[in-house]
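K.L.:
Please work out how this folds:
(chains A and B)
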2 protein chains.
Amino acid sequence: MSAGKLPTNIICDVRSYTLTTVAGIIGAGVIGGGWAARFLLSGWDVKIFDPDPAAREKVQSILKNARRTMPSLSDEVIPREGNLTFHTNIGDTVAETDWIQESVPERLEVKQQTLEQIQSLSTGIIGSSSSGFTPSALQKLAVDPTRVVVTHPFNPVYLLPLVELVTNSVTGEEIIRRAKAVLRDVGMHVLHLTNEIDAHIADRLLEAVWREALWLIKDDIATTKEVDEAICFGFGLRWAQMGLFETYRLAGGDQGMRHFLTQFGPTLKWPWSRLIDVPEFDQELIDKIVSQSEEQSGQATVREMEQIRDDNLVGILRGLKANGWGAGALLNRIDAEKRQRSALPTCLDDISDLIQPILVLDRIVPVDWVDYNGRMTEHRYLDAFSRATDYFLALIGCDDAYVSVGNSYFTVETHLRHLHEVLVGERIKVRTQVLFGQGKKLHLFHSMCRDDNLIATGEHLLVHTSLSSRQSSLPSLPVQQNLAGVAAAHRKLPRPEGAGASVRLA
Amino acid sequence: MSAGKLPTNIICDVRSYTLTTVAGIIGAGVIGGGWAARFLLSGWDVKIFDPDPAAREKVQSILKNARRTMPSLSDEVIPREGNLTFHTNIGDTVAETDWIQESVPERLEVKQQTLEQIQSLSTGIIGSSSSGFTPSALQKLAVDPTRVVVTHPFNPVYLLPLVELVTNSVTGEEIIRRAKAVLRDVGMHVLHLTNEIDAHIADRLLEAVWREALWLIKDDIATTKEVDEAICFGFGLRWAQMGLFETYRLAGGDQGMRHFLTQFGPTLKWPWSRLIDVPEFDQELIDKIVSQSEEQSGQATVREMEQIRDDNLVGILRGLKANGWGAGALLNRIDAEKRQRSALPTCLDDISDLIQPILVLDRIVPVDWVDYNGRMTEHRYLDAFSRATDYFLALIGCDDAYVSVGNSYFTVETHLRHLHEVLVGERIKVRTQVLFGQGKKLHLFHSMCRDDNLIATGEHLLVHTSLSSRQSSLPSLPVQQNLAGVAAAHRKLPRPEGAGASVRLA
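P.N.:
Reported below is the predicted structural model:
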């Protein structure tokens, strides 16, 4: 690998935008610390008060998690991180701030007293992270109740966009406007509730699930693990992208929500839950749901919504697959079984005629590899070739075990030719020819076919590298020998058309 | 674009594995049709009975959705689709099958009579899709109750992996074994319940949410849209990857589940839900939950679990971002605002000195672009360069509007050099130099930097193409003129090191 030298005609210094707003954080546990991270990484300065001696360490730990992942949500330049300071009294913390976020423990009298104390020291707007108390309850001791609102976030605060902004009749329009502007500035989706109610909306739904789940555990119907699996292998996947009503609208098929209500309305009277304090399911309620659902999702047909839902589910499932977690881990296990049953060789001995390019990839083009026209996007050709390279390397002994002890091949140079387009769902195969394989170097030529059509080629130079020193190194003897065998056989093949070409104006 | 010619040394014919198992589907609405699609696309033959004259059309519509997306869950060769036949009587449908799936409407007497009828004609195992009836209730009229089990799936059945297998005391071990084998063969996660209960597990949780949500609608606290937003911008994202208990374990911070229970146990007595039939929250229940949760997730530390959760959330959110939906649409809006505030030029007039490579990308490396060592994976270099190309093209007038009327540039050839590694979270910038831009052709050279270090280059040949004819074509006059201006200025720049190189053994 040659060292990179910066051409003199490249200027690397550009302005970065910064914000100069300041947030005061009162209480820095999991939630308060999460708020601090969200503000800081959105470019705000953050001042923290928390009497817990461990608070500083807890915040740093949350901030470490947030720094690792929150910037990944953006595909643009991100703001410069704000300054973080810790303070020993509330007065210093809330002075000269543009927003005050209260996240002390969920005990009403503690919250009321804290809010009173903050307001004796500041005239700023205070958002309370309360999971369940109403603004009216929280405002009880407030010096200025008009400036106390609920801004209830969800853990992890630095990643989940939802915030419930709950206001009541005393809250002024200007306070609401400013609260929304602040919350949007730190990247949140503001759900504004003007009819205050204990536990707002989300935690009412969560509390209902929690109560039912406790019965399941208590009655020995299911374990905590089984309850969790019932969620994250099923409806949890749906709810990451559409909620309860939109999902049920689609379950109703072509006739939509009204059909669903006809089908499943009666269950309210059935023993499907231990929670039997149900509302009267009358025509008025049915009409209300149908018309609200129509307004919510009526712009798209059920068929269009199904496609959106399915694309989202594939995106979510493939995201989990890349991480090898939950439903994604299941898909990886299924793939491993499929590979065993496929025509791909699992070792060099599987190959009857070695004087042929080796089949190393056989798959369809998934929906998350294509553009809005259903055509495979540019970098997915390299994704496929890169998987092909990995498969070939495993065949010659450079497999996971080999990599885990500190050896690998690194690609240093690549040449791609696009000859034909390929569409979503089409089956592609990649075959690999070794052009050179000796010492530290490996020169591969991949051919991607759809049926009998060559659609793209990838030519790659790789260098064997020690993962500890990051320097080039010789492969192990078995890998060298395996590679030599393939290279000797492939020398008998004609040199592929396009090999050695450079990008030129033909 | 030259036409691809297949080198004679490539063989495109390999065996495809097929399965020869047969499923009988009784009732083919949204759920039965979903089952049919899952079986067919897993390589099973499928026989369908449904008296509804529209059933055939409905199944084809579901199958169309499934064909578009279910194969995308795999990165391996997929099974050949099975044969689908429709039958006019139950006897033909269930004869010589390896599995019978009943999905008639959720009315107990209808299901009981259907199961009785099936069993008078077949000795196969029957899975009922019932959302809520217990095996005991369903077996009432059964000829052989030992062969009637519940296999409750989730819509869309062809994508969501969860199936609740509910058996009772009459079910034999061999039946359970075979049921599990069939369900796993079609890619499902089997949640096996031996304590039968109305609505099983998942639908009890769903019913609880449903009942609470109906109160919110009825009481005018929230609309259907607001309820849905409270789910899919917040806890729904969490539940796609971890369930209720695992999520709360993490919310408890370092002290885990017991701390969470201490904090939020009291809410059971609070008016946080209209559903007040709650279990006694005594020490016994607390200990049970803590020990089950420990067994479920105790292998990993809270810190490790937080990282897994965060990586999953980023994967899910970026999947939704690519689709421009829900929380992903929000992130796209935020990015658009960021772009406005960034140092990237938004048009050619923004560029003060045109005799410089143009800054077209400025971002960090997100967590879903790196390998398990935190290093950017091969194809993401091309992903970045491809985004850089798109940005440059928009600058010269080849933007979304231009593409939407049928014009675009297609990449036909690419040469990449990897000079240094780049890690997750590091900031990368790409600058673009035009080497040639005239007529149908465009020759670009991208330089990717981290601070002052050149880490990779991308050289690309593009051809202007008509999206309707898929033939090369001349760009519009404004695009030609814009490009000519940049090309003329960039001719004054030195030719970048590495331009025109081909993959060679140095």
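K.L.:
use CA for all of it now, contacts and neighbours both
P.N.:
Noted.
K.L.:
How is A:Gly458 assigned, secondary-structure-wise?
P.N.:
Classification of A:Gly458 using DSSP: H, G, I helix; E, B strand; the rest coil returns strand.
K.L.:
ok, it touching A:Glu413?
P.N.:
No. When contacts are counted by Cα atoms under 8 Å, A:Gly458 is not listed as touching A:Glu413 (10.4 Å).
K.L.:
who has more neighbours, these two?
P.N.:
The neighbour count for A:Gly458 versus A:Glu413, taken as other Cα atoms under 10 Å in any protein chain shown, is higher for A:Gly458 (27 against 24).
K.L.:
What residues does that one make contact with?
P.N.:
A:Leu382, A:Phe385, A:Thr414, A:His415, A:Leu416, A:Arg417, A:Phe445, A:His446, A:Ser447 (Cα atoms under 8 Å, 6 or more residues apart in numbering or on different chains).
K.L.:
Look up how far chain B lies from the third one.
P.N.:
When Cα to the nearest Cα, to the nearest Å is applied, the distance between A:Thr414 and chain B equals 5 Å.
K.L.:
can I get the contacts of A:Gly458 in CSV with neighbour count, secondary structure and pLDDT?
P.N.:
Converted to CSV, the contacts of A:Gly458 look like this (neighbours: other Cα atoms under 10 Å in any protein chain shown; DSSP: H, G, I helix; E, B strand; the rest coil; pLDDT from 0 to 100):
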residue, neighbour count, secondary structure, pLDDT
A:Leu382, 23, helix, 98
A:Phe385, 29, helix, 98
A:Thr414, 24, strand, 97
A:His415, 28, strand, 97
A:Leu416, 28, strand, 98
A:Arg417, 25, strand, 97
A:Phe445, 27, strand, 98
A:His446, 28, strand, 98
A:Ser447, 24, strand, 98
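K.L.:
Show me which pair in those residues is furthest apart.
P.N.:
A:Thr414 and A:Ser447 (13.4 Å; Cα to Cα).
K.L.:
who touches A:Trp35 in this structure?
P.N.:
The neighbours of A:Trp35, taking Cα under 8 Å, 6+ apart as the test, are A:Ile25, A:Gln101, A:Val157, A:Tyr158.
K.L.:
For those residues, give me JSON lines that also has pLDDT and secondary structure.
P.N.:
Shown next, in JSON lines, are the contacts of A:Trp35 (pLDDT from 0 to 100; DSSP: H, G, I helix; E, B strand; the rest coil):
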{"residue": "A:Ile25", "pLDDT": "98", "secondary structure": "strand"}
{"residue": "A:Gln101", "pLDDT": "98", "secondary structure": "strand"}
{"residue": "A:Val157", "pLDDT": "97", "secondary structure": "coil"}
{"residue": "A:Tyr158", "pLDDT": "97", "secondary structure": "coil"}
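K.L.:
For chain B, tell me which of those show up nearby.
P.N.:
Among the contacts of A:Trp35, not one lies near chain B by Cα under 8 Å from any Cα of the partner chain.
K.L.:
Could you export the lowest-mean-pLDDT helix or strand in chain A as CSV, CA atoms only?
P.N.:
Using mean pLDDT, DSSP states H and E, helix A:256-264 stands out as the lowest-scoring helix or strand of chain A, at a mean of 82. C-alpha atoms of helix A:256-264 as CSV (Å, rounded to 0.1, in the frame of the first residue of the first chain):
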residue,chain,number,x,y,z
GLY,A,256,-59.5,-1.0,5.1
MET,A,257,-60.2,0.1,8.7
ARG,A,258,-64.0,-0.4,8.7
HIS,A,259,-63.5,-4.0,7.7
PHE,A,260,-60.9,-4.5,10.4
LEU,A,261,-63.2,-3.0,13.0
THR,A,262,-66.1,-5.3,12.0
GLN,A,263,-63.8,-8.3,12.2
PHE,A,264,-61.9,-7.5,15.4
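K.L.:
where exactly do the helices run in the stretch 51-200 of chain A?
P.N.:
A:55-69, A:90-94, A:108-119, A:135-138, A:173-185 (DSSP state H, counting those that start in this stretch).
K.L.:
Give me the buried positions along the third one.
P.N.:
The reference is to helix A:108-119. By neighbour count with 16 or more other Cα atoms under 10 Å in any protein chain shown, helix A:108-119 contains the buried residues A:Leu108, A:Lys111, A:Gln112, A:Gln113, A:Thr114, A:Leu115, A:Glu116, A:Gln117, A:Ile118, A:Gln119.
K.L.:
What of stretch A:166-173?
P.N.:
Using 16+ other Cα under 10 Å as the test for burial, stretch A:166-173 gives A:Val166, A:Thr167, A:Asn168, A:Thr171.
K.L.:
How about stretch A:64-77 and chain B, touching?
P.N.:
Yes. Legend: contact between stretch A:64-77 and chain B by Cα under 8 Å from any Cα is shown at A:Asn65, A:Arg68, A:Thr69, A:Met70, A:Pro71, A:Ser72, A:Leu73, A:Ser74, A:Asp75, A:Glu76, A:Val77.
K.L.:
with those residues in mind, which one is nearest to A:Thr88?
P.N.:
For those, the nearest to A:Thr88 is A:Asn65 (24.9 Å; Cα to Cα).
K.L.:
The closest one and B:Val365, how far apart?
P.N.:
16 Å (Cα to Cα, to the nearest Å).
K.L.:
Looking at the two, which one has more neighbours?
P.N.:
Using other Cα under 10 Å as the criterion, A:Asn65 and B:Val365 rank with B:Val365 on top: 24 against 20.
K.L.:
Was I right to think that one contacts B:Val424?
P.N.:
Yes. With contact defined as Cα under 8 Å, B:Val365 counts as touching B:Val424 (5.0 Å).
K.L.:
Now list whatever residues contact both of these two.
P.N.:
Joint contacts of B:Val365 and B:Val424 (Cα under 8 Å, 6+ apart) are B:Met376.
K.L.:
Looking at chain A, which helix is longest?
P.N.:
helix A:302-323 (DSSP state H).
K.L.:
Show me what secondary structure element comes after that helix.
P.N.:
Where DSSP states H and E defines the elements, the next helix or strand beyond helix A:302-323 is helix A:327-341.
K.L.:
contacts for that next one?
P.N.:
So helix A:327-341 is contacted by A:232-233, A:317-324, A:346, B:17, B:73-78, B:161, B:187, B:189, B:241 (Cα under 8 Å, 6+ apart).
K.L.:
any idea how far it is from the chain center?
P.N.:
21 Å (Cα atoms, centre = their mean, to the nearest Å).
K.L.:
one step back: is chain B within reach of whichever helix or strand comes after the least confident helix or strand of chain A?
P.N.:
Per DSSP H and E, helix A:256-264 leads on to helix A:283-297 as the next helix or strand towards the C-terminus. Yes. Shown here: helix A:283-297 in contact with chain B (Cα under 8 Å from any Cα) through A:Leu285, A:Lys288, A:Ile289, A:Gln292, A:Ser293, A:Gln296.
K.L.:
Any of those residues buried? List them.
P.N.:
For those, a neighbour count by 16+ other Cα under 10 Å gives the buried set as A:Leu285, A:Ile289, A:Gln292, A:Ser293, A:Gln296.
K.L.:
Redo the residues you listed as CSV? Include pLDDT.
P.N.:
Formatted as CSV, those follow (pLDDT from 0 to 100):
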residue, pLDDT
A:Leu285, 85
A:Ile289, 85
A:Gln292, 87
A:Ser293, 84
A:Gln296, 84
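K.L.:
how about TSV for those residues, with distance to A:Gly33 added?
P.N.:
Compiled in TSV, these are given as follows (distance: Cα to Cα, whole Å):
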residue	distance to A:Gly33
A:Leu285	41
A:Ile289	38
A:Gln292	37
A:Ser293	37
A:Gln296	35
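K.L.:
ok, A:Phe49 to chain B distance?
P.N.:
19 Å.
K.L.:
Quick check: that residue touching A:Thr93?
P.N.:
Yes. Using Cα under 8 Å, A:Phe49 is in contact with A:Thr93, at 6.2 Å.
K.L.:
circling back: just curious, which of the buried residues of stretch A:166-173 is nearest to chain B?
P.N.:
A:Val166 (11.2 Å; Cα to the nearest Cα).
K.L.:
okay, now the nearest residue to A:Ser293 once chain neighbours are set aside: neighbour count?
P.N.:
Spatially, and ignoring its direct neighbours in sequence, A:Ser293 is nearest to B:Thr224 (6.0 Å; Cα to Cα, 6 or more residues apart in numbering or on different chains). B:Thr224: 26 surrounding residues under other Cα under 10 Å.
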